[in-house]
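S.K.: Need the 3D shape of this:
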Amino acid sequence: MMQELPPPMQLMQLSFAFMVSRSISVAAEFFIADKLTERPKTATELAGETGLHARSLYRMLRACASYGVFAEDEQGRFMLTPMAELLRSDQPGNLRAFTAMMNSVWQYQSWAEMDHAVKTGQPAFDKVFRMPFFEFCEKTERAGREFNEAMTSNSAYTSEIFLNAYNFTGFTKVVDVGGGHGILLASLLQRNPHLSGILYEMPALAAAASELMQQYSVADRCEQVGGDFFASVPEGGDLYILKHIIHDWNDEQCTRILSNCRKSMKQGGKVLVIEMVVPEGNTPSLAKLLDLQMLVCLPGCERTETEYRALFKKGGLSLSRILPMPSPFSIIEAVPIENYSEEPSLDWKVEPQMGSMQPTEQ
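M.R.: The predicted structure is shown next:
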């Protein structure tokens, strides 16, 4: 364990950590776990199936296995482990696409310029690619596909946990703001026949969700609406869900989104934000690492409970409770502040490239 090593070795382990994550990513990119589903195989066998260099593949998989991703037996064959199972593309809730995307080439190019973000407070990604991240995904076919597949992969994992963690009794109409292809909303409506819903997304994504709603047999209770959540959100819902949306944007942009939800909801409505909550102090947390991802690639950030309270207040909402889930994510529940009036000094100016909804949550 890291704590058992002397400080110089601990620091060296951390310095080499990027090599582990990149190796796992390459294994995910070439679907190595899929090829071990039926039986263990040697690196030579795997190289024959993938077109990779056998000795080099062995060296990479040996390193992965030393961290519990794959395992090597006495005959030099590699097999699946619980973590490697999550790299199988045929497994529900798998993280193959997410793992590949998080260590893709364009990610590494952005992280190489992290010093720019630390110096200026502006995303390093924008400096490297001369455009914001979501615009890059729209214009670059491979990056857009990788990102959408990764978000779909991650959403399948978090959505199931969310649906088991919250009581939807008493609500009638759910608006999934930035709901991507609609997996979360479709699953929610399928489990709760008393609910109707609105999937709110960019027009193209909203239209594409129709087929999924048919598959889940909820099309008669779900409307797909295209639009821009910085400008408005659909009216009449009593539950507004923002899953993996708020952390993408800065405080001013988030305030606008939250304010639009407050103004559009029915009396007695609620907002649910599904994000990681950064713990105070020196507690290790995945949220603190994801926060750096936001720093490097996007204008957003991960936030503490105190920061969420302040952010909600700016949007006319009050944080009512935080429900931890058996995952890195929490449900952050908010209700409207009574007799709230928007401060007249607020001047909403969203940069043109940021002024449309983006494919953030699938």
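S.K.: Please read off the pLDDT at the closest residue to Pro328 other than its chain neighbours from the model.
M.R.: Spatial nearest neighbour of Pro328, excluding adjacent residues (CB to CB, 6 or more residues apart in numbering): Leu286 at 4.5 Å. Yep, even glycine has a C-beta here, placed from its N, CA and C like the rest. Confidence at Leu286, expressed as pLDDT, is 95.
S.K.: Correct me if wrong: Leu286 contacts Val277.
M.R.: No: counting by CB atoms under 8 Å, Leu286 sits too far from Val277 to count as a contact (11.0 Å).
S.K.: quick one: which of these two has more around it?
M.R.: Val277 (21 against 13; other CB atoms under 10 Å).
S.K.: can you give me the strands in the chain?
M.R.: For the chain, applying DSSP state E gives strands covering 41-42, 71-72, 77-79, 173-177, 196-201, 222-226, 239-243, 270-275, 317-324, 330-336.
S.K.: which outside residues touch the longest one?
M.R.: Counting by CB atoms under 8 Å, 6 or more residues apart in numbering, the neighbours of strand 317-324 from elsewhere in the structure are 165-166, 258, 261-262, 270-271, 277, 305, 308-309, 312, 330-337.
S.K.: between it and strand 330-336, how big is the angle?
M.R.: Going by axes from the mean of the first three to the mean of the last three CA atoms, to 10 degrees, strand 317-324 is angled at 160 degrees with respect to strand 330-336.
S.K.: Return the distance of strand 317-324 from the chain's centre.
M.R.: Distance, stretch centre to chain centre, for strand 317-324: 20 Å (CA atoms, centre = their mean, to the nearest Å).
S.K.: With just CA atoms, put it into CSV.
M.R.: Taking Å, rounded to 0.1, in the frame of the first residue of the first chain, the C-alpha atoms of strand 317-324 are listed here in CSV:
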residue,chain,number,x,y,z
LEU,A,317,-32.9,28.0,-4.6
SER,A,318,-32.2,26.6,-1.2
LEU,A,319,-30.2,23.4,-0.7
SER,A,320,-32.5,21.1,1.2
ARG,A,321,-30.4,17.9,1.6
ILE,A,322,-27.5,15.9,0.1
LEU,A,323,-28.1,12.2,-0.4
PRO,A,324,-24.8,10.2,-0.8
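S.K.: Quick check: buried residues in it?
M.R.: Buried residues in strand 317-324, counted by 16 or more other CB atoms under 10 Å: 317, 319.
S.K.: Note down every partner strand of that strand and its orientation.
M.R.: strand 330-336 (antiparallel) (DSSP bridges).
S.K.: What is the distance between the strand it pairs with and the centre of its chain?
M.R.: On CA atoms, centre = their mean, the centre of strand 330-336 falls 18 Å from the chain's centre.
S.K.: try stretch 66-79
M.R.: Centroid separation for stretch 66-79 versus its chain: 30 Å, with CA atoms, centre = their mean.
S.K.: so for it, what's the average pLDDT?
M.R.: Over the span of stretch 66-79, the pLDDT mean works out to 98.
S.K.: What of stretch 197-210?
M.R.: For stretch 197-210, mean pLDDT rounds to 90.
S.K.: where does the stretch 251-362 of the chain dip in pLDDT?
M.R.: 343-362 (pLDDT under 70).
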